[in-house]
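In: From the sequence below, what's the structure:
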Amino acid sequence: MKSWAFSCISVITVSRLGTVRARPRRFFPTLLRYTDVLATRARVAERVHEDDADVQLVDNRTPEEYRGKDDDDDRVTRHGHITGAINVDFTQNLVDDGARLRSPAELERLWLEDAGLDPSEETISYCTTAVRGSVGWFVIEQLGWGECRNYEGSWLDWGTLSEDDGYYDSACADSGTVIDTFAD
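Out: Residues are numbered from 1 along each chain as shown. Model prediction:
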């Protein structure tokens, strides 16, 4: 019944109270808040170049995905990471089998000391579908970093694009930096 109502088709229901006529309505959602936490493909593309990026990019997937070794995902045409990105597997932010976040001191060690990121610079977090990337975004936002975003398309978007069109990536065993402070 709800799907009919959302499709703007008139719905008539009969209940103990009699016949109820629903009037068609159109719903136009607007994102008035929180759009500043998203990084679009265009925003990432304008900051990524053939050999590097002029934004801090953090890939929150596994090191295998980051290096392009885990290539089982046939939704993308290439495997690896966005040029200039470092790898901080999102699980390193968690303890107790993922039940809670590490302490602020441990997270600062991971993101500031070991990853060498600058909280005053824009940082864009991503993964495959922006889910694991949202953990990275949440952590650095909670640590009080200035401009932090989550790439909404993540690798599922970037991995389908062409370097010929300026969407640069890297995929080889020694490409990029894997931060493994708390890796199991």
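
In: Would you confirm that residue 124 contacts residue 40?
Out: No. With contact defined as CB atoms under 8 Å, residue 124 does not reach residue 40; the gap is 10.2 Å. All C-beta spots, glycine's among them, are computed from the backbone N, C-alpha and C.

In: Residues that sit against both of these two, list them.
Out: residue 151 (CB atoms under 8 Å, 6 or more residues apart in numbering).

In: who's more crowded, the two?
Out: residue 124 (26 against 14; other CB atoms under 10 Å).

In: so that one, which of the three states?
Out: Following DSSP: H, G, I helix; E, B strand; the rest coil, residue 124 is assigned to strand.

In: residues touching it, list them.
Out: Residue 124 sits in contact with 39, 43, 44, 47, 55, 56, 57, 58, 148, 149, 150, 151, where contact means CB under 8 Å, 6+ apart.

In: how about a cut-off of 7 Å?
Out: Going by CB atoms under 7 Å, 6 or more residues apart in numbering, residue 124 touches 39, 44, 55, 57, 149, 151.

In: quick one, phi psi at residue 107?
Out: phi -70, psi -40 (degrees, to the nearest 10).

In: how many neighbours does the closest residue to it other than its chain neighbours have?
Out: Nearest residue to residue 107 in three dimensions, chain neighbours excluded: residue 139, at 5.7 Å (CB to CB, 6 or more residues apart in numbering). Residue 139 is flanked by 26 other residues according to other CB under 10 Å.

In: Help me confirm that residue 139 comes into contact with residue 93.
Out: Yes. Residue 139 is within contact range of residue 93, at 5.1 Å (criterion: CB atoms under 7 Å).

In: hey, what's in contact with both of these two?
Out: Joint contacts of residue 139 and residue 93 (CB under 7 Å, 6+ apart) are 101, 107.

In: looking at this, residue 97 is in a helix?
Out: No. Using three-state DSSP, the assignment for residue 97 is coil, not a helix.
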